[in-house]
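okay, predicted coordinates and the sequence, questions at the end:
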Amino acid sequence: MSSATTSRSAAATRDVLLVALTLTTGAVDGTAFLMLGRVFSSVITGNLVLLGVAAGDHAGSPALHAAIALAGYCAGVAVGAPIAARDWRLPWFPAGVSGAAWPVSVTVTLLAELSLLITFCVTWELTPGPRRSTGAVQLALLVLLSAAMGMQSAAVRRLGQMSTTYLTSTLTGLIAGLATRRLPPGAGRSAGVLVTLVAGATAAALLTAHAPAVIPLVVAGPALVVTGIAVARREHLGSSAPPPGGTDG
């Protein structure tokens, strides 16, 4: 197989993983909004607006939840960014893949995110239903999800102009490309992450209403699958690839 073909294959696998990872984003944001104080775990600019609105009309609880989500996300980015920036050398990854389609540091950062999501899932399952959406437990769950989304954002940012969390620019680029008949590179990935974001949120809403005990499956399941595939296909994803393109973010 030629190096160009290998690079295209690695980039295609990367895009599929990013689309799948956005299912977690949608589920996390849907769960946070419906169960954890009507705020978001990844749409942080939206939380900034909610924080300003709450301060303006003196609504204490929404302001607290928005501030907690903002703090958790920032903490996740602050911890995840150095992990994602490091040129890791691990025995279960080939050396010298810092310029690859999916660098080692992305997988390591997602593993750190996964630890937060699993902690959320365990806490969720061990906490009686009414207590999940009130008091200190609710705030702790919100912090875990927001920090996880901060780590995920830091990980995916390592890949270039891509995102699986803040997607306003992704939507703008896709619509602008359709309007001008000049679709940007990665348009398929952009459309995919937007669709799966909605799908993840829809799944979270349905489970919140009918089977809240199963919510951990859609919150952590996609991230678990993505990191598992990234580890299993480390040599393929470590193949050298051209700089990632696209308008996600």
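Okay, I see it.

continuing past the lengthiest helix in the chain, what's the next helix or strand?
Assignment by DSSP state H gives helix 3-35 as the longest helix of the chain. Using DSSP states H and E, the helix or strand that directly follows helix 3-35 along the chain is helix 44-56.

what packs against that next one?
On a contact count with 3 or more Cβ pairs under 8 Å, 6 or more residues apart in numbering; DSSP states H and E, helix 44-56 meets helix 60-85. Quick note: C-beta positions are derived from backbone N, CA and C, even for glycine.

show the average pLDDT along the helix it packs on.
Computed over helix 60-85, the mean pLDDT rounds to 90.

still on that earlier bit, mind listing what's buried along the longest helix of the chain?
Of the residues in helix 3-35, 7, 9-11, 13-15, 17-35 count as buried by neighbour count, 16 or more other Cβ atoms under 10 Å.

quick one: list the elements packing against that helix.
Counting contacts by 3+ Cβ pairs under 8 Å, 6+ apart, helix 3-35 packs against helix 104-126, helix 135-157, helix 187-210, helix 215-232, helix 234-237.

remind me which residues of this protein are low pLDDT?
Across the chain, the ranges flagged by pLDDT under 70 are 1-6, 58-61, 90-100, 234-249.

angle of the longest helix of the chain against helix 60-85?
Helix 3-35 runs at 160 degrees relative to helix 60-85, counting by axes from the mean of the first three to the mean of the last three Cα atoms, to 10 degrees.

my read is that Arg189 contacts Gln161, right?
No - Arg189 is beyond contact range of Gln161, at 10.9 Å (criterion: Cβ atoms under 8 Å).

the more surrounded of these two?
Set side by side, Arg189 and Gln161 show unequal neighbour counts under other Cβ atoms under 10 Å, the larger going to Arg189 at 26 against 18.

and the gap between the spatially closest residue to the more buried one that is not a sequence neighbour and Thr170?
Leaving aside its sequence neighbours, Arg189 sits nearest to Asp15 (Cβ to Cβ, 6 or more residues apart in numbering; 4.2 Å). Plainly put, Asp15 is 13 Å away from Thr170 if you go by Cβ to Cβ, to the nearest Å.

and Thr127, by the same measure?
Relative to Thr170, Thr127 is positioned 34 Å away (Cβ to Cβ).

quick one, which of the two is more surrounded?
Higher neighbour count among Thr127 and Thr170: Thr170, with 27 against 15, using other Cβ under 10 Å.

count of neighbours near Leu64?
When neighbours are defined as other Cβ under 10 Å, Leu64 has 16 of them.

ok so, going back, what's the closest of the helices and strands packed on helix 3-35 to His65?
Across the helices and strands packed on helix 3-35, His65 has its closest neighbour in helix 135-157 (6.6 Å, Cβ to Cβ).
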